[in-house]
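Enquirer: I'll drop the sequence and a predicted model, then ask my questions.
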Amino acid sequence: MPAPAPGSEPWLEDVAKDVGLDFVQWSGAAGRLDFLEMMGGGCALFDADGDGDLDVYLAQGALLRPSDDGKTLVPLPKGEKGGLPMDRFYRNESTDGTLRFVDATGASGLVATGYGQGVATGDVDGDGLLDVFVANYGPDQLWRSRGDGTFEDLTTSSAIAGDDRGWSAGGTFFDAEGDGDLDLFVISYVEWTSRDDRRCYDASSRLNFCGPEGYQGAVNRFYRNRGNGTFEDATTAAGMLLDGLPSLGVVAFDANEDHRLDLYVANDGQVNRLWLQQPSGTFRDEALLAGLAVNGRGMAEAGMGLAAGDADDDGDLDLFVSHLETETNTLYADLGGGLFEDRTLAYGLSADSLAFTSFGTVFADLDLDGRLDLPVVSGAVRLPVERTPDLVPGPRSLGQANQLFVHLADGPRGPRFEDRSELGGKDFLRLETSRGLALGDIDGDGDEDLLVTQIDAPVRLFRNRIGDGKPWLGVRVLEPAGRPDALRDALGAVVSLQREGGAPRVRRAATDGSFACASDPRIRFALEGFGEVTGVSVRWTDGREETFAAPQPGGYTSLVRGRGLDEPRPAGSVSPQQ
Amino acid sequence: MNRPTSSCLSFVCGLALLCSLAGFTTPSAAESEPVAEAPVAPEPLPDPDLTGMEPAVQELLTGERQSLQRLTERDDADRLLLADAWGEMGFVYHAHGLLDSAASCYRNAESLAPADFRWPHSLGALERERSRLEEAREALDRTLTLVPNDLPAILYLGDVQLSLGDIEAAAEASRKALQISDSSPAVLNLAGRVAMHQGRPADAVKHFDFAMRQVPGADRLQYELGMAYRALGDLDKAREHLAKAGKIGVKPPDRLLDMIDSQKTGERLLLLEGRRAFNAGDYAAAAEAFQTAVDAEPESLRARVNLASALAYSGSAVEAADELIYVLERDPEHHSALYNLGAIHRSAGNHDKAIALLSSALKQDEEDDGVRYELGLAYRGAGDLDAAAKHLERVADGRALDAPAQHTYGDTLARLGRYQEAFEVLRDAYQLQPEDGLLAHGLARLLAACPDPSIRNGPVAVDLATRVVEASPSIGHLETLALALAESGRCAEAAEVQRQIVAMPGMKPAGIAKYSVVAQRYAEGPPCRPEVDPSLAAAAEPDTEDETQESAEGNGDR
């Protein structure tokens, strides 16, 4: 990592404590080095109350106790009465430019019961509000936002709870069949029973945390939305009931330009899966031929978090997967036609990630220069083999610095990223056990802020300083939801900012990706050096495209399906004259 | 393998032999010059925390360190001997994952004996292992200055250069390696990788393909070969190779690193190493590691059970059984040993012995589906289909996604004449896993030739069997397709398929006669519907216990 350039100011500043985010994740570590202790918990940045700013959901761990039949470990009930920490919901109550969060958990009706892992957001009932799915070790939970900062528990009625003893890691909401409602794909990690409650040792023969090797991966679940906010388990009908693999990351996007959303799932130490949606609505895993199952050398890596974005500015979506130390984080460039190629080396992302075990990651144009950068948060999963006598075996001793890969101007062989982690600032570089990372414009100033969760440590809210004052414009892409006049975020839509005489800039509207966290679905475009914006087009998830007039800079504009300059049309057709 | 705790002298002899074998020139004692003063290593003797390690590991590390400390305190220590001692300490730390300590020892060894390639070589390998690429490159460069033809070092360096993005330097390493050995799989692998990075997929195909031919078991090469074909636009060839891709790669032959591995001690470590190999499907390597664990701790029953598993998977069932008998002699209730020995007997057709062992194991844990499944198979093999069905039903009920369990249960029901139940089991299982060939074939067979005509459904059977044959045109699958066609009244096509079986290479005369008769009967149709023959309804076993003529002729039903 290069030393900070003289005079260069940190891009990020942790303001969590100052603005009222006082959450501390609690692993429940009891000295046994249980596998679950070192996985951490997730988060969400979403506008829960419809007031236009981002609120925060943070998943909490729990103490584990043996189950009644002694076959596994189950989380002790969480909640205020028992005095144990629980998931938290913070409302954004900023006024006059002063960022401020208030713990609104008590009044919200949110009562999380499991050992919190991942969080996903999406509008499941078509009322225009983002609802919250919490993936747990234990039954999963679904909360419907009422729009006033309170939530209704839909877990039972929606039938998405899954296995009582399942270990879900996260999920994504996406409209699989283009029927206007959001379906849910839940990723699960491993089967963990008493027989698997093994002890693991490192190369020195010392007790250490286990990895997923030797555990049976858990089966992921596909829940089809019936259109009324309830779901049916369609895993089998969709052809997705294969042997379970330890999944930790997922994004829904159209991988092969057939105008159907597909799913890419990052697996820990096993081949990744690319579920290509077929015309019949079923899915088929084509990761191997697509070049997305393993890295360029044919090796399955420890897939943790992942990001989808146009890394090389060629108009399509590339994929970036974070991995274990001694493995690179891997960038798969979209070659078109559903084929991808490991270009980690060519893009300069190879060597500098080898010393880190990375989890949450997003594509984010942090410095608003028009190029997507890659913040990556890290923390080991195994205690160091060579250790000092004062090391306390537990998640806190897994600390690593986070990383920031800055996208430089393209070289002759394409884009180049450079490890400029020092630009993240001192708090970004602390040796902590970071896991979740969510992206969003927390203060409404048009640049990308980052929310980072850690194990047994306070959450960090990195407010962006480098983007302050730079020109930008934001869009929120909306499409008709199930209820009359209701609009919901078009998750998976791809937005292109058009300009005169240059290639458009392409971004994806999504809450999924990263690790265990849900991000702000709004999109921000940097305008510096972009030239005159001539318009913006949206490719909706069914592949139809629609053009809109150039949005006003310096704020967010809603792009509503059917209200553009032309009717949505099949992709590739000729645009009408404007 | 019992290792002395202090073995500097014997180790030096060992290395001398090693270097001689490798064709390298090692500085000998004759090169050593009289020392004017005691040689001093630049870095202090590491003292890593050993808390929590296995006693055997602690004992080894402590003993080796004490030996080295004594040597460093001697005023008359020979510089090269001292360098060897530092190097050996490095090996021991390296083998046990104490990489900072190991690196420090290697650096000291190199400082004391700068002409000895082994220390920068080992340091370079270590730094590469922990992905400190610049440090690795520097150490490997120093190695190659001393021994320009150190092939493992060249390959490590090429790999490091690739990881650093220096394609030209990697290409230079690849060229140099090819000059030394143009048929080494590890060399060819590097050459192929470099070619891919340079946009020369046709050359990459040549290299990967040649490497693949040298070591067919290194199935990770299939992936690289497949991707090279993909880059050439040949998606069919790409699919063909990608479908065969696995986890086993190639690594440079490096006797120094092998020696470092041999320093590992402690049952846990050796078992860990064995399990890693086992999980990767490298059963020979797993057996070797487990054998070392047994040698290190002969009374470790866990090590012996693991060794038995690896031996069984390697095809050495008798040796595996010997290990398990040893375990059961000392612990008659050892669950895994009962299970594994039961499974071996079941595979060998010793059904009564298998039933006794597996029943004992099941009594200990009624929830163990693995044991219950094996017991069901053993009862099946012994001809007690009712008992088999009872156990298999319970396994199948709890494991909806276990295709062999579902298939075996359905097949057992068919053998019992419980055709409707058999149909329902196979149908439900197939619907859950429509891509599974075993289930598709089992269902096709039942639908084509079930003695209960109300179960039969020729067109569906043809559809299923056709897909199975497309995936794997074995005798059993072709026979099922012929039966399905016959059931559908497509007699001429059935006869044609049956004739394909007769014409298959290696078919024995008895098989030719058997299948020819059926082909003739189909040809004489219609009607040519399969006769009501219970033996036709059941597909071949999903295991090897009950091989029919098909497998005797070289074609199983898997």
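Expert: Sure thing, it's come through. What you see is a predicted model; the values in this text were computed from it and never measured.

Enquirer: and the stretch 301-450 of chain A, which of its residues are near chain B?
Expert: A:325-326, A:328, A:339, A:345-346, A:348, A:350-351, A:354-355, A:385-389, A:391 (CB under 8 Å from any CB of the partner chain). C-beta coordinates here come from the backbone N, C-alpha and C atoms, glycine included.

Enquirer: out of these, which are inside strands?
Expert: When those are checked against strands (DSSP state E), the matches are residue A:339.

Enquirer: Which of the residues of the stretch 301-450 of chain A next to chain B are buried, as a PyMOL select command?
Expert: In PyMOL, a selection of the buried entries from those looks like this (16 or more other CB atoms under 10 Å in any protein chain shown):
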select buried, chain A and resi 325+326+328+339+345+346+348+350+351+354+355+385+386+387
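
Enquirer: which regions of the stretch 251-400 of chain B sit below the pLDDT cut-off?
Expert: Within the stretch 251-400 of chain B, the stretches falling below the threshold (pLDDT under 70) are B:265-269.

Enquirer: one more time with 80, if that's ok
Expert: B:261-273, B:275-276, B:279-281, B:296-300, B:333, B:364-367, B:398 (pLDDT under 80).

Enquirer: Kindly report the same for the stretch 1-150 of chain B.
Expert: The stretch 1-150 of chain B contains residues with pLDDT under 80 at B:1-40.

Enquirer: Do a quick rundown of the helices in it.
Expert: In the stretch 1-150 of chain B, the segments counted as helices under DSSP state H, counting those that start in this stretch are B:8-22, B:55-72, B:79-95, B:99-112, B:118-129, B:133-146.

Enquirer: Now do the fifth one and helix B:133-146, the angle between them.
Expert: Taking axes from the mean of the first three to the mean of the last three CA atoms, to 10 degrees, one finds helix B:118-129 and helix B:133-146 inclined to each other by 150 degrees.

Enquirer: roughly how far is helix B:118-129 from the heart of the chain?
Expert: 27 Å (CA atoms, centre = their mean, to the nearest Å).

Enquirer: before we move on, back to that, among the helices of the stretch 1-150 of chain B, which is nearest residue A:96?
Expert: Set against residue A:96 and scored by CB to CB, the helices of the stretch 1-150 of chain B come closest in helix B:133-146, at 50.5 Å.

Enquirer: contacts for the closest one?
Expert: Here helix B:133-146 makes contact (CB atoms under 8 Å, 6 or more residues apart in numbering or on different chains) with A:351, A:354, B:110, B:115-117, B:120-121, B:123-125, B:127-128, B:150, B:153-154, B:156-157, B:160-161, B:163-164.

Enquirer: For it, list every residue counted as buried.
Expert: Burial within helix B:133-146, assessed by neighbour count using 16+ other CB under 10 Å, is assigned to B:133, B:135, B:136, B:137, B:138, B:139, B:140, B:142, B:143, B:144, B:146.

Enquirer: For PyMOL, what selects the buried ones among the contacts of helix B:133-146?
Expert: Taking 16+ other CB under 10 Å as the burial criterion, the selection of buried members of the contacts of helix B:133-146 in PyMOL is written as:
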select buried, (chain A and resi 351+354) or (chain B and resi 110+116+117+120+121+123+124+125+127+128+150+153+154+156+157+160+161+163+164)
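
Enquirer: between the buried residues of helix B:133-146, which is nearest chain A?
Expert: Set against chain A, the nearest of the buried residues of helix B:133-146 by CB to the nearest CB is residue B:133 (5.3 Å).

Enquirer: mind checking which of the helices of the stretch 1-150 of chain B is nearest residue A:241?
Expert: Closest of these to residue A:241 is helix B:118-129, at 39.1 Å (criterion: CB to CB).

Enquirer: Which other helices and strands does that closest one contact?
Expert: With contacts defined as 3 or more CB pairs under 8 Å, 6 or more residues apart in numbering or on different chains; DSSP states H and E, the packing partners of helix B:118-129 are helix B:79-95, helix B:99-112, helix B:133-146, helix B:151-163, helix B:255-262.

Enquirer: so what's the most centrally placed residue in chain B up against?
Expert: For chain B, the residue lying nearest the average C-alpha position, counting by CA atoms, centre = their mean, turns out to be residue B:281 (1.5 Å). By CB under 8 Å, 6+ apart, the residues touching residue B:281 are B:246, B:247, B:248.

Enquirer: and which of the residues you listed is nearest chain A?
Expert: Once CB to the nearest CB is applied, the member of the contacts of residue B:281 that ends up nearest chain A is residue B:247, at 7.2 Å.

Enquirer: Now for the closest one: which residues touch it?
Expert: Under the criterion of CB under 8 Å, 6+ apart, the neighbours of residue B:247 are A:299, A:300, B:219, B:220, B:280, B:281.

Enquirer: let's see 7 Å
Expert: Contact partners of residue B:247, counting by CB atoms under 7 Å, 6 or more residues apart in numbering or on different chains, are B:220, B:280, B:281.

Enquirer: for the last one, helix, strand, or coil?
Expert: Pointing back at residue B:281 there. When states are read from DSSP: H, G, I helix; E, B strand; the rest coil, the local structure at residue B:281 comes out as coil.

Enquirer: contacting residues around stretch B:452-466?
Expert: In contact with stretch B:452-466 (CB under 7 Å, 6+ apart) are residues B:419-420, B:423, B:440, B:443-444, B:446-448, B:450, B:477, B:480-481, B:484-485, B:487-488.

Enquirer: ok, which of the residues you listed also contact chain A?
Expert: Contacts with chain A within the contacts of stretch B:452-466, as defined by CB under 7 Å from any CB of the partner chain: none are present.

Enquirer: Which members of those are classed as buried?
Expert: Among the contacts of stretch B:452-466, those classed as buried by neighbour count (16+ other CB under 10 Å) are B:419, B:423, B:440, B:443-444, B:446-448, B:450, B:477, B:480-481, B:484-485, B:487-488.

Enquirer: Identify, from those, the entry nearest to chain A.
Expert: Relative to chain A, and with distances defined as CB to the nearest CB, the nearest of these is residue B:440, at 14.0 Å.

Enquirer: then the helix or strand containing that closest one to PDB, C-alphas only?
Expert: For residue B:440, the host element (DSSP states H and E) is helix B:437-449. Output for helix B:437-449, consisting of C-alpha atoms alone and laid out as PDB, is shown next (Å, rounded to 0.1, in the frame of the first residue of the first chain):
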ATOM      1  CA  GLY B 437     -29.500 -39.700 -14.900                       C
ATOM      2  CA  LEU B 438     -29.900 -42.400 -12.400                       C
ATOM      3  CA  LEU B 439     -33.400 -41.500 -11.500                       C
ATOM      4  CA  ALA B 440     -34.400 -40.800 -15.100                       C
ATOM      5  CA  HIS B 441     -33.100 -44.200 -16.100                       C
ATOM      6  CA  GLY B 442     -34.800 -46.000 -13.200                       C
ATOM      7  CA  LEU B 443     -38.100 -44.400 -14.000                       C
ATOM      8  CA  ALA B 444     -37.700 -45.000 -17.700                       C
ATOM      9  CA  ARG B 445     -37.100 -48.700 -17.100                       C
ATOM     10  CA  LEU B 446     -40.100 -49.000 -14.900                       C
ATOM     11  CA  LEU B 447     -42.300 -47.200 -17.400                       C
ATOM     12  CA  ALA B 448     -41.000 -49.300 -20.200                       C
ATOM     13  CA  ALA B 449     -41.200 -52.800 -18.800                       C
END
